[in-house]
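S.K.: Dropping the sequence and predicted coords here.
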Amino acid sequence: MRINSLELQTVNLEIQCEFYRDTLDLPVELVGEKLRVRAGWTDLTFVPSSSDNAPLYHFAFNIPENQFDAALEWTAQRAGILADQAGETIFLSESWNSISLYFKDPAGNILEFIARRDLRNSASGAFGSQHILCVSEIGLAAEDVPGLVDQLQNRLGISPFKGERSDTFTAVGDDEGLFIVVQRGRIWRPDTGVLAELLPVKAEIQAGDSNFVVRGMPYEIS
């Protein structure tokens, strides 16, 4: 599954523009009330929030599987690397065969760089914004995690990642793109204090040919 475009809400487009342009060095375009960021093959768009409260999302970017150490150094020079309560800033997953780091943008969104070794997408040269390959994850909160997972599977033909699912956390998709479906109120990793909430998300993915709005939740997926 590929996430071709992702639209999220924010309270300050100008500050977000500065961060994604000047800190992450990504191509951006601020036109009217839309900020478009090009992250590899994903068009990431921010629009003004429909709420007075700042929406806080979790999303991840894939990076080449051999560039993690360089990405850690590069990011540490630009943004604060997030740590868990034990002080760990590097997060390995044996079951996913991946390694991750986390940081925030000025809006407080939880961002992740993740190197997925199963993709075998090694790249040469010093790490830079050109190695941000795509948005590969977007967090979706739900009151009923299995119910939303079933909708994604039945309507879009995408399955739980690695066949793993639970009542509180299920990733749906594959190494190139995942919906991270979690119980509403779960704290986003790593011990960020940011709760997963039902927030407006619009996503266009490359997987099947269906369009649907998740009933009772602010999610539009096509």
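M.R.: Looks like it arrived, so ask away.

S.K.: Tell me who's in contact with Leu152.
M.R.: Under the criterion of CB atoms under 8 Å, 6 or more residues apart in numbering, the neighbours of Leu152 are Ile158, Val172, Phe179, Val181, Ile221. For the C-beta atoms, the positions are set from N, CA and C on the backbone; glycine is no exception.

S.K.: Secondary structure of the second one: a helix, I assume?
M.R.: No - secondary structure assignment places Val172 outside any helix; it is strand (DSSP: H, G, I helix; E, B strand; the rest coil).

S.K.: Can you give me the neighbour number for the residue lying closest to Asp105 once chain neighbours are set aside?
M.R.: Distances taken as CB to CB, 6 or more residues apart in numbering place Phe19 nearest to Asp105, at 5.2 Å, with adjacent residues excluded. When neighbours are counted by other CB atoms under 10 Å, Phe19 registers 21.

S.K.: same question, Lys34
M.R.: Counted with other CB under 10 Å, Lys34 comes out at 13.

S.K.: quick one, phi/psi of it?
M.R.: Per-residue torsions, Lys34: phi -140, psi 130 (degrees, to the nearest 10).

S.K.: do Ile180 as well
M.R.: Dihedral angles (degrees, to the nearest 10) for Ile180: phi -100, psi 100.

S.K.: Can you get me a residue count around it?
M.R.: Ile180 sits with 23 neighbouring residues when counted by other CB under 10 Å.

S.K.: Report the spatially nearest residue to it, omitting neighbours in sequence.
M.R.: Closest to Ile180 by CB to CB, 6+ apart is Gly139, at 4.5 Å.

S.K.: where's that neighbour, which helix or strand?
M.R.: Gly139 belongs to strand 134-142 when assigned by DSSP states H and E.

S.K.: after that strand comes which helix or strand?
M.R.: Heading C-terminal from strand 134-142 (DSSP H and E), you reach helix 145-156.

S.K.: OK, contacts around the residue most central in space within the chain?
M.R.: Geometric centre of the chain, nearest residue: Phe59, 1.6 Å, by CA atoms, centre = their mean. Phe59 sits next to Leu6, Leu8, Asn109, Ile110, Leu111, Glu112, Val135, Glu137, Ile138, Gly139 when contact means CB under 8 Å, 6+ apart.

S.K.: beta partners of it?
M.R.: Applying DSSP bridges to Phe59 yields these beta-bridge partners: Leu111, Ile138.

S.K.: elements contacting whatever helix or strand Leu44 lives in?
M.R.: Here Leu44 sits within strand 42-48, counting by DSSP H and E. Here strand 42-48 touches strand 2-10, helix 13-18, strand 34-39, strand 134-142, going by 3 or more CB pairs under 8 Å, 6 or more residues apart in numbering; DSSP states H and E.

S.K.: switch to 10 Å and redo it
M.R.: Packing contacts for strand 42-48, counted by 3 or more CB pairs under 10 Å, 6 or more residues apart in numbering; DSSP states H and E, involve strand 2-10, helix 13-18, strand 28-31, strand 34-39, strand 58-63, strand 134-142, strand 201-206.
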